[in-house]
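Q: Sequence and computational prediction follow.
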Amino acid sequence: SICYLDGQYLPLAEARVSPLDRSFLFGDGAYEVIPVYSRRPFRLEEHIARLGNTLAALRLPDPHSAVQWADMVREVVARNAWEDQSVYLQVSRGADDKRNHAFPAVIRPTVFMMSDALLTPPAAQLDSGVAAVSAADFRWLRCDLKTVALLANCLLRQHAVEQGCAESILFRDGFLTEGAASNIFIVRDGVMLTPPKSHLMLPGITYDVVLELAARHGLPHEVREILEDEVRSADEIWMTSSTKEVLAITTLDGRPVGSGRPGPVGRQMHAWYQDFKNTVMRS
Ligand code: PMP
């Protein structure tokens, strides 16, 4: 595949970054993953805005304007073969001449983009839902930032995979935060519930779309703190992300969620999401 690195488009296998790059040494960088359907980036402005928020919080000067970012994303998409892609974009604080925790005096960010085929959940998985485990959320207190320092998320996702599960659902101080790489929604008595945005979770682009769709279609919903026990006794649990879209979680810690099958509200939300995606793509 073709990637972008510091001003050049080149085959991914030929891209090289210095081992002194701060993303390698310190995880010092921001990233985004942007879904592309039929060669059209979905919610591109929102992804670029979130990147801007992360960069500002990391005090990393944004090397490009929103218009430049959009052009670069479209260029990477154009240079790759797939109709549906997931574009990965990373900005790191670049390299110094030696390892030093404090920022370099002169910062030259490393800008990297690559793309891969977008693989949304296959029909069989949508039909059965996926299994999840619970885990204590031991991440730092800036989970609202999309940084490449993802060691805790990797450990938490691996914890799920080693138990034959697709995701870890994270709890902090008895409350739901999110998944290792997704946001979490539950349904209780026909009401869709999800935690409010805070420093404890990533403000998901898909999370926003799901809330917009609930409002548009008059689905009863509440954004509020959710107790661990409310998740464990929920009728439905879903995970949302740019690549998983809306995916039912049908077992938690080996016990069935509700009926043990994807529930009606989640199926409806998945259908609304597909419709919305398709109308945006055609417009
Ligand atoms: N939370 C975390 C920790 C994530 O890594 C992701 C996926 N990027 C999400 C939530 C979902 O965010 P989005 O809908 O923007 O993909």
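A: Received it, and whenever you're ready, just let me know what you need.
Q: And the residue of the stretch 51-200 of the chain closest to the ligand?
A: Residue of the stretch 51-200 of the chain nearest the ligand, by Cβ to the nearest ligand atom: residue 181 (3.8 Å). Every residue, glycine included, has its C-beta placed from N, CA and C.
Q: What pLDDT is listed against that residue?
A: The per-residue pLDDT reported for residue 181 equals 98.
Q: Would you mind confirming that it is in contact with residue 247?
A: No. When contacts are counted by Cβ atoms under 8 Å, residue 181 is not listed as touching residue 247 (11.7 Å).
Q: More neighbours: these two, which one.
A: residue 247 (24 against 20; other Cβ atoms under 10 Å).
Q: Could you check how far that one is from residue 206?
A: From residue 247 across to residue 206, the span is 10 Å (Cβ to Cβ, to the nearest Å).
Q: Could you pull up the residues touching the closest residue to residue 95 other than its chain neighbours?
A: Among residues not flanking residue 95 along the chain, residue 20 sits closest, at 4.0 Å (Cβ to Cβ, 6 or more residues apart in numbering). Counting by Cβ atoms under 8 Å, 6 or more residues apart in numbering, residue 20 makes contact with 95, 96, 97, 98, 99.
Q: cool, and residue 69?
A: Shown in contact with residue 69 (Cβ under 8 Å, 6+ apart): 48, 51, 89.
Q: try 6 Å this time
A: For residue 69, the contact set (Cβ atoms under 6 Å, 6 or more residues apart in numbering) comprises residue 48.
Q: after the helix or strand hosting it, next one along is what?
A: Element membership of residue 69 [criterion: DSSP states H and E] is helix 66-79. Next helix or strand after helix 66-79 toward the C-terminus (DSSP H and E): strand 85-92.
Q: which stretch of helix or strand covers residue 261?
A: Here residue 261 is assigned to no helix or strand, by DSSP H and E.
Q: Now it: closest residue in space, sequence neighbours ignored.
A: Closest residue to residue 261 apart from its sequence neighbours, by Cβ to Cβ, 6+ apart: residue 250 at 6.2 Å.
Q: For the one you found, grab phi and psi.
A: For residue 250, the backbone dihedrals (degrees, to the nearest 10) come out as phi -110, psi -10.
Q: Contacts only, for it.
A: Counting by Cβ under 6 Å, 6+ apart, residue 250 makes contact with 129, 257, 260.
Q: Dig out what residue 117 forms beta bridges with.
A: residue 85 (DSSP bridges).
Q: Run through who's touching stretch 190-197.
A: By Cβ under 6 Å, 6+ apart, the surrounding residues in contact with stretch 190-197 are 176, 185, 186, 203, 214, 219, 220, 221, 222, 223, 225, 226.
Q: Need the max-distance pair from these.
A: For the contacts of stretch 190-197, the maximum inter-member distance is 22.4 Å, found between 203 and 220 (Cβ to Cβ).
Q: Which one of the two is surrounded by more residues?
A: Using other Cβ under 10 Å as the criterion, residue 203 and residue 220 rank with residue 203 on top: 16 against 12.
Q: Run through the residues that contact the more buried one.
A: Neighbouring residues of residue 203 by Cβ under 6 Å, 6+ apart: residue 197.
Q: phi, psi of it?
A: When read as degrees, to the nearest 10, the backbone of residue 203 gives phi -70, psi 90.
Q: For residue 219, which three-state class applies?
A: The local conformation at residue 219, judged by DSSP: H, G, I helix; E, B strand; the rest coil, is coil.
Q: And the strands in the stretch 151-283 of the chain, which stretches?
A: Along the stretch 151-283 of the chain, the segments classed as strands by DSSP state E, counting those that start in this stretch run 167-172, 175-179, 183-188, 191-194, 221-223, 236-241, 245-252, 255-256.
Q: for these, which one sits closest to residue 30?
A: strand 236-241 (17.3 Å).
Q: quick one: low-confidence ranges for the stretch 1-150 of the chain?
A: Within the stretch 1-150 of the chain, no range satisfies pLDDT under 70.
Q: Scan the protein for its longest helix.
A: When the chain is parsed with DSSP state H, its longest helix is helix 264-282.
Q: hey, what's the residue nearest to the spatial centre of the chain bridged with?
A: The residue lying closest to the centre of the chain (Cα atoms, centre = their mean) is residue 241, at 4.9 Å. Residue 241 has these beta-bridge partners by DSSP bridges: residue 245.
Q: Am I right that residue 143 sits in a helix?
A: No. Using three-state DSSP, the secondary structure at residue 143 is coil, not a helix.
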